[in-house]
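**Student:** this is a predicted model, with the sequence first.
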Amino acid sequence: MAVDLRLYALVDPAVAGGRTLVDLARRLTASATLVQLRDKHGSTRLMIEEARDLRAVLEPEGIPLLVNDRVDVALAAEADGVHIGQDDMPVPDARLLLGRGAIIGLSVKTVEQAKAAPLELLDYVAIGGVYGTTSKENTKAPIGTHGLRAIVDTVRARKANFPICAIAGINAANAGDVIAAGADGVAVISALSLAPDPAKAAQDLRTVVETALARGGRS
């Protein structure tokens, strides 16, 4: 399935700025091109309810919903797919369970992981963390745009034009730089959910991304 990564919004009850996930999603629908439910602490039952509630908001707007890590939750809630990490369910198993029509993305943090990623079974990869972030526990140093470029080159050498987004610490001030480094879009949480006006923050960020893409992306 073709995936639009221009503004990939992650919603997480632990980083929601005091808003409900549904309220947050409603504020983002005018600008987000893809939404991911990330809930590291919720029960399976709660996550299914969250995913179903988000689908009810996003589906009429034509915005796909992915679930972080949890293939079972994605299946139960009839989400559009999953985003999985290097230590989660192997990609071939996720594809077997979800079928060819689902969107499956994979976190890639190193050149070695980019070389090993089963691109033929994936719809996109998310490269990071590019910058420092407080929304996820991560003890590794940010890779920066230089590291992002190296991983983008590795992926695209294997499969030209393969969809790639950048993640971690991205906001309107630096989003143009990650697009210039080769990404097709940005995956963002805090810059949207913790903004005083998430809708405006999303609109501003999408504008930055699209302006950078219009310049030809990579510089």
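**Tutor:** Yep, it's here.

**Student:** SS state for the residue positioned nearest the centre of the chain?
**Tutor:** Residue closest to the mean C-alpha point of the chain, counted by CA atoms, centre = their mean, is residue 187 at 4.2 Å. Taken by DSSP: H, G, I helix; E, B strand; the rest coil, the conformation at residue 187 corresponds to strand.

**Student:** let me know the pLDDT of it.
**Tutor:** Looking at residue 187, its pLDDT stands at 98.

**Student:** run through the bridge partners of it.
**Tutor:** residue 8, residue 167 (DSSP bridges).

**Student:** cool, and residue 67?
**Tutor:** Here residue 67, judged by DSSP bridges, has bridge partners residue 37, residue 82.

**Student:** any low-confidence regions in this structure?
**Tutor:** 1, 134-139, 217-219 (pLDDT under 70).

**Student:** the helices in it, which residues?
**Tutor:** For the chain, helices defined by DSSP state H occupy the ranges 21-28, 44-58, 71-77, 91-98, 111-116, 144-158, 175-180, 190-193, 198-214.

**Student:** re the thing from before, from residue 35, how far off is the residue nearest to the centre of the chain?
**Tutor:** 10 Å (CB to CB, to the nearest Å). Backbone N, C-alpha and C define where each C-beta goes, glycine included.

**Student:** with residue 59 instead?
**Tutor:** For residue 59, the distance to residue 35 - CB to CB - is 11 Å.

**Student:** overlap in contacts, those two.
**Tutor:** Common contacts of residue 59 and residue 35 (CB atoms under 8 Å, 6 or more residues apart in numbering): residue 65.

**Student:** with neighbour numbers in mind, choose between the two.
**Tutor:** Shown here are residue 59 and residue 35; by other CB atoms under 10 Å, residue 35 has more neighbours (26 against 14).

**Student:** contacts only, for the more buried one.
**Tutor:** Contacts of residue 35 (CB under 8 Å, 6+ apart): 8, 9, 10, 11, 25, 28, 54, 58, 63, 64, 65, 66.

**Student:** what do you get for residue 156?
**Tutor:** Counted by CB under 8 Å, 6+ apart, residue 156 has contacts 162, 164, 182.

**Student:** pop out the phi and psi values for the last one.
**Tutor:** Here is the backbone geometry of residue 182 (degrees, to the nearest 10): phi 120, psi 0.

**Student:** just give the nearest non-adjacent residue to it, would you?
**Tutor:** Once flanking residues are discounted, residue 182 sits nearest to residue 152: 3.6 Å by CB to CB, 6 or more residues apart in numbering.

**Student:** against residue 204, how distant is the one you found?
**Tutor:** For residue 152 relative to residue 204 (CB to CB), the value is 24 Å.

**Student:** looking at the two, which one has more neighbours?
**Tutor:** Higher neighbour count among residue 152 and residue 204: residue 152, with 24 against 18, using other CB under 10 Å.

**Student:** was I right to think the more buried one contacts residue 183?
**Tutor:** Yes - counting by CB atoms under 8 Å, residue 152 touches residue 183, with 6.8 Å between them.

**Student:** now the common contact residues for those two.
**Tutor:** Contacts common to residue 152 and residue 183, judged by CB under 8 Å, 6+ apart, are 127, 164.
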